[in-house]
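>>> Have a look at this prediction, sequence included:
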2 protein chains.
Amino acid sequence: MAKAMRANPEGPAPGRRRARSVAAAVRAPARKSQPAARASRADKSALRREAILAAALEEFSARGFAAARLEDVALRAGVGKGTIYLHFHDKEALFQELITTMLVPFIASIEAVPPSGLPIRAVLERFVDLFLREIYGTERRKLIRLIMTEGPRFPQLAEFHYRNVVKRAIAAMGALFASAHARGELRNDALVRFPHLVAAPAMMSILWSGLFDRFAPLDAAALMRAHLDLILGSGGAS
Amino acid sequence: MAKAMRANPEGPAPGRRRARSVAAAVRAPARKSQPAARASRADKSALRREAILAAALEEFSARGFAAARLEDVALRAGVGKGTIYLHFHDKEALFQELITTMLVPFIASIEAVPPSGLPIRAVLERFVDLFLREIYGTERRKLIRLIMTEGPRFPQLAEFHYRNVVKRAIAAMGALFASAHARGELRNDALVRFPHLVAAPAMMSILWSGLFDRFAPLDAAALMRAHLDLILGSGGAS
DNA sequence: ATTTTATGACTGACCAGTCAGTCATAGCTG
DNA sequence: CAGCTATGACTGACTGGTCAGTCATAAAAT
């Protein structure tokens, strides 16, 4: 009895051997603007940190926070286990920083979108494109899923994400819908009262991709477009 | 260093002492139809099993599969740890049976809903009520969230759930929308092509309740009603 | 008394986090 | 510039604690 226990390994565990050391990549002096400069210690350190974060995203996202092993993270990053602790205080700090630092670049761009006088349809189409290109189509999708699945166990993280992403996005969307509604571009005030609704299919796509894509792939782009048709009442039959 | 590690305990861990033994409840001969009959072994066994399942739902849902401790499940169920192994082969089997047995009663009712000639709006309102009353308003909500969060690590479970719940529900909804569309009750065919869309706000409500309810409660009933207005284009302003 | 069921102390595996030792690099010296 | 030393980034074997699963014993049922 007592077989492994670690649910559904996937990938890394078995015959994996330490990813081709970052050291190799580091040694290559390929710095764009200063071609001749050797990688300094600071450069290498930063590269290692990045490698650890990328590896952590993979492992946490494949196994969940509790079941992910830091040794696997180290292995995947091509560093020793101890190195992780030179960059992060502990497992939880690594997790929190992973979420935080990978999301921060996006926080700025959330409200930076010009709410110009474009028709609501055009604005939403841009958001759909943005979502598909910059989130759904990248490893950021895994990040969002991590927040959704681990959030309940990390209240600080959920709160951070709420205050910095969700709340702002909802406020921005609400304003957008309010003005569109005032201009008579919406059939009713449902979206003004619950701007959340516009994002529901996006969340669903992300969840679906993790759960059912294996045996029932979902065309997220088509789904999102259909959703726009649905809530904005485009062409269509009948 | 090396402090506890178990992220965000909540509830049970500290000074908890074994829930008032089920044995006590079991001993009370309160059987409805056979008032005099002592609780038989089979009855007691079944009660214990139920208690374990209920406790497991609480623990798994609060901590996640990997971090939940079977000793806590036993404590909460008011039984010894060994007793769990009289009813379930191992931790994973307990988890899978939890999901499976608590969902099976619902599987039947999914397709049993009369797709009679009612207007689509009335049918959907019933579904919304059903969802709010039988899922969102009960501990089944935790079950659904568990599937969403642990599903990726338990492919069998995800597949079971897909084949027995999701696929059927989508098929039934699709048929419903197709006939409504044929009768001219829908503006376009978005819902016919992606019946998924009708469920997205329900999924979102469940996720939200686990993540953000603490500091930004969401009125799920109002959200669902607004969603119906939105996709069916009811009264409203403008 | 015998059989069935329940229990919780125990075991072994596992893993987060540590730290003494290694070694590449920065910087100094002649 | 070549050689040498000091530095601290890096490593992985190790420790301590945790927990799934077992099993000898106790309790209950018949």
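That came in fine, so what should we check first? Numbers count the residues shown, from 1 in each chain, chains lettered A, B, ... in the order given.

>>> Okay, helices next: where are they in chain A?
Assigned by DSSP state H, chain A shows helices spanning A:22-27, A:41-63, A:70-77, A:81-87, A:91-111, A:120-130, A:140-150, A:155-161, A:167-182, A:190-193, A:200-211, A:220-232.

>>> The residue of chain A at minimum distance from DNA strand D: neighbour count?
Closest residue of chain A to DNA strand D, Cβ to the nearest atom of the strand: A:G82 (1.9 Å). C-beta here means a position set from N, CA and C on the backbone, and glycine is covered the same way. Neighbouring residues of A:G82 were enumerated by other Cβ atoms under 10 Å in any protein chain shown; the total is 8.

>>> pLDDT at it, what is it?
Looking at A:G82, its pLDDT stands at 96.

>>> Check A:D43 too.
At A:D43, the pLDDT value in this model is 76.

>>> what does A:E111 give?
Predicted confidence (pLDDT) for A:E111: 73.

>>> Isn't it up against A:I170?
No - taking contacts as Cβ atoms under 8 Å, A:E111 lies outside contact range of A:I170: 11.6 Å.

>>> about what we covered before: could you dump the helices of chain A to TSV with distance to chain B?
Rendered in TSV, the data for the helices of chain A read as follows (distance: least, Cβ to the nearest Cβ, whole Å):
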stretch	distance to chain B
helix A:22-27	27
helix A:41-63	7
helix A:70-77	12
helix A:81-87	10
helix A:91-111	6
helix A:120-130	12
helix A:140-150	4
helix A:155-161	5
helix A:167-182	6
helix A:190-193	4
helix A:200-211	4
helix A:220-232	4
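
>>> Where among these is average confidence lowest?
Considering these one by one, the lowest average pLDDT is found for helix A:22-27, at a mean of 47.

>>> Could you tell me which residues make contact with A:L228?
Remark: with contacts taken as Cβ atoms under 8 Å, 6 or more residues apart in numbering or on different chains, A:L228 is in contact with A:121, A:124-125, A:128, A:234.

>>> Pull out the buried members of the residues you listed.
Listed as buried from these are A:121, A:124-125, A:128; burial here means 16 or more other Cβ atoms under 10 Å in any protein chain shown.

>>> For stretch A:208-220, which outside residues touch it?
Stretch A:208-220 has contacts (Cβ under 8 Å, 6+ apart) with A:132, A:136, A:141, A:145, A:205, B:147-148, B:151-152, B:155, B:158-159, B:161-162, B:166-167, B:196.

>>> Buried ones only from these, please, as a PyMOL command.
To isolate the buried members of the contacts of stretch A:208-220 in PyMOL, using 16+ other Cβ under 10 Å:
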select buried, (chain A and resi 132+136+141+145+205) or (chain B and resi 147+148+151+152+158+159+161+162+166+196)
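
>>> thinking again about what came up before, Serialize the helices of chain A to CSV and add fields for distance to B:E185.
Written out in CSV, the entries for these read as follows (distance: least, Cβ to Cβ, whole Å):
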stretch, distance to B:E185
helix A:22-27, 60
helix A:41-63, 42
helix A:70-77, 53
helix A:81-87, 58
helix A:91-111, 37
helix A:120-130, 23
helix A:140-150, 34
helix A:155-161, 39
helix A:167-182, 24
helix A:190-193, 18
helix A:200-211, 22
helix A:220-232, 14
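
>>> Reformat those as JSON lines; add distance to DNA strand C.
Formatted as JSON lines, these follow (distance: least, Cβ to the nearest atom of the strand, whole Å):
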{"stretch": "helix A:22-27", "distance to DNA strand C": "6"}
{"stretch": "helix A:41-63", "distance to DNA strand C": "5"}
{"stretch": "helix A:70-77", "distance to DNA strand C": "4"}
{"stretch": "helix A:81-87", "distance to DNA strand C": "3"}
{"stretch": "helix A:91-111", "distance to DNA strand C": "3"}
{"stretch": "helix A:120-130", "distance to DNA strand C": "35"}
{"stretch": "helix A:140-150", "distance to DNA strand C": "14"}
{"stretch": "helix A:155-161", "distance to DNA strand C": "16"}
{"stretch": "helix A:167-182", "distance to DNA strand C": "30"}
{"stretch": "helix A:190-193", "distance to DNA strand C": "43"}
{"stretch": "helix A:200-211", "distance to DNA strand C": "21"}
{"stretch": "helix A:220-232", "distance to DNA strand C": "32"}
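
>>> Go through these and name the closest to B:R183.
For B:R183, the closest of the helices of chain A is helix A:220-232, at 17.6 Å, according to Cβ to Cβ.

>>> Of all residues in chain A, which one is nearest the centre?
Nearest residue to the geometric centre of chain A (Cα atoms, centre = their mean): A:R140, 2.7 Å.

>>> how near is it to A:I99?
The spacing between A:R140 and A:I99, counted by Cβ to Cβ, to the nearest Å, is 11 Å.

>>> try A:E125
For A:E125, the distance to A:I99 (Cβ to Cβ) stands at 29 Å.

>>> same question, A:L86
Distance from A:L86 to A:I99, counting by Cβ to Cβ: 20 Å.
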